[in-house]
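Q: quick one, what's the 3D model for this:
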Amino acid sequence: MNKMVVANLVHRPLRSLISVVAIAVEVTLILVIVGLSMGILNDAKRRQQGIGADLMVQPPGASVVGQISGAPAPVKIADKIGALPHVSAVTPVVTQLNTSGALEVIYGIDLPSFEAVGGPMRYLEGGPFQAPHDVLVDDFLARSKNLHTGSTIEVLNHPFRISGIVENGRGGRKFLPIHTMQDLLDAPDKASIFYVKADDPKNADALAASIKAIPGMEQYSIRTMREWLSLMTPDNVPGFSTFIKVVIGVSVIIGFIVIFQAMYTAVLERTREIGILKSLGASKAYITNVILRETALLSVLGILLGIAISALAQHQLVRSFPTIRVELSAQWVLNATLIALVGSLLGAIYPALKAAQKDPIDALAYE
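A: Alright, predicted model coming up:
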C-alpha cells in the first residue's frame, strides 16, 4: 500500500507539490506570526524585569500592559514612597508610545534614581546624558540602525544627540532625560510609572500594602514584579489571544481547502483505478486508508518544509531587524504540526469516503 501511495503522488507531481507548499504556508504562518508575537511579548517581559525593581506603581486605570499611558501622576509621589520603611530606592519614569517609523515605547528617566533601582547602566560607547537633548540607545537599536555616539536621531519629532550606547534589557530602547520628556509631552512634574526597589524582595508584598495605605493612593495600581510577570500572558494582554486564534483559523482554512480540492480531484481522476481495486476485493476501509495515507504523507512533507522555512525566516528577521525577537519554541512547533495534520486529514475525509462508496461496476465503466 505504501508503494502505491508514493506512486500516486509521484504520478501527479505538480498537484502534490502545490499541496505540500500549501501545508508549508499554513505551518509557516502559525510559527512565524505566533513566534513573532510571543517573542515581542517575552522580550518586553525580560526588559521590564531587567529594570531591577521589585514593585511597579501606576496611576488609577492603568492597564496591565502599562508603559504607554502618558504622564498623569505627580512626580512628588516618589518622595512619599521613598519615605516608607523597606524602600531601598524609587524612580519615576515617563513613558510615551511612539508610532512614527516603528512601534516603540520611549522612556524618560531620572538617571541617578533609575540606576539606584537597577544598578549602573553598562555603557558600550559614550556615557550619561550631557545635555537636555541627549539620548541613550541600547545596543540592539544601535546595531540595527548603525548608530554611534555623537550620531543624531529623531525622537518624538525632535533631533537628539546620542550620548551613549547601553547594554539592552533595561526597559526601553531609547532613554531621554525625564525633564526633557516632560517638556515634550507638556506634562511638567508628572510621571507614568514608579519603579520601587525594596531592601529585600521578600518585603515586596508588605511594601505594596504600605503604598496602598498612603492617603490618595488607594486607587493606584500597585503590583510586585513577580505578579506583573505572571499577568503578562497571551490571555491577559488585550486582543493577543484573539489575534493568535485568528491566525491559526486562517491557516487551518488554507490547509483544509487545498487538501480537500486536491484529494477530491484525485478521486474523480482515479475512478477506474478505484473500481479495479474494489473488483479485486479491496474493502471500503482499504480505499479510505489509501486516500488518508496520501494526505498524511503530503502533510508530513509540508510540515517539514514549513518548519524549515520558519527557521530560515526567524534567522533572517533577527539578522535584518535586531530589535525584533522571534521565538520558534518546540511547543509551538508541535502545536503547528498537530494543527496542520488534523486540518489536512479533515479535508481528506469526504473525498476518501466518496471514493470508498463508489460502485465497482460503475467505476469500471467510467470513461
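Q: what number of residues lie near Ser230?
A: 11 (other C-beta atoms under 10 Å). C-beta coordinates here come from the backbone N, C-alpha and C atoms, glycine included.
Q: ok, now Gly150?
A: Neighbours around Gly150, by other C-beta under 10 Å: 10.
Q: mind listing the helices for the protein?
A: With helices called from DSSP state H, the chain shows them at 2-11, 13-49, 77-82, 111-118, 139-145, 178-184, 204-212, 225-231, 240-269, 271-279, 284-320, 330-356, 360-364.
Q: for the third one, packing partners?
A: Here helix 77-82 is seen to pack against strand 87-98, strand 193-198 when contacts are counted using 3 or more C-beta pairs under 8 Å, 6 or more residues apart in numbering; DSSP states H and E.
Q: deepest-packed of those, please.
A: strand 193-198 (a mean of 25; mean count of other C-beta atoms under 10 Å).
Q: what residues does that strand touch?
A: For strand 193-198, the external contacting residues (C-beta atoms under 8 Å, 6 or more residues apart in numbering) are 51-58, 62, 66-67, 69, 73, 77-78, 81, 86-93, 95, 114, 116-118, 204, 207, 211.
Q: ChimeraX command for the buried members of those?
A: Under the burial definition 16 or more other C-beta atoms under 10 Å, those of the contacts of strand 193-198 that qualify are selected in ChimeraX by:
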select :51,52,53,54,55,56,57,58,62,66,67,69,73,77,78,81,86,87,89,90,91,92,93,95,114,116,117,118,204,207,211
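Q: who are the neighbours in contact with the nearest residue to Ala352 once chain neighbours are set aside?
A: Nearest non-adjacent residue to Ala352, counting by C-beta to C-beta, 6 or more residues apart in numbering: Ile291, 3.7 Å away. By C-beta under 8 Å, 6+ apart, the contact list for Ile291 reads 263, 266-267, 348, 351-352, 355.
Q: could you dump these to JSON lines with distance to Ala311, neighbour count and pLDDT?
A: Shown next, in JSON lines, are the contacts of Ile291 (distance: C-beta to C-beta, whole Å; neighbours: other C-beta atoms under 10 Å; pLDDT from 0 to 100):
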{"residue": "Met263", "distance to Ala311": "29", "neighbour count": "26", "pLDDT": "74"}
{"residue": "Ala266", "distance to Ala311": "31", "neighbour count": "22", "pLDDT": "70"}
{"residue": "Val267", "distance to Ala311": "35", "neighbour count": "22", "pLDDT": "69"}
{"residue": "Ala348", "distance to Ala311": "27", "neighbour count": "27", "pLDDT": "82"}
{"residue": "Pro351", "distance to Ala311": "32", "neighbour count": "24", "pLDDT": "76"}
{"residue": "Ala352", "distance to Ala311": "32", "neighbour count": "23", "pLDDT": "75"}
{"residue": "Ala355", "distance to Ala311": "36", "neighbour count": "25", "pLDDT": "71"}
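Q: which of those residues lies closest to Gly164?
A: Nearest to Gly164 among those is Ala348, at 59.4 Å by C-beta to C-beta.
Q: that closest one contacts Leu297, correct?
A: No: Ala348 is beyond contact range of Leu297, at 11.1 Å (criterion: C-beta atoms under 8 Å).
Q: rewinding a little: out of the helices of the chain, nearest to Phe129?
A: Using C-beta to C-beta, those put helix 111-118 closest to Phe129, at 6.2 Å.
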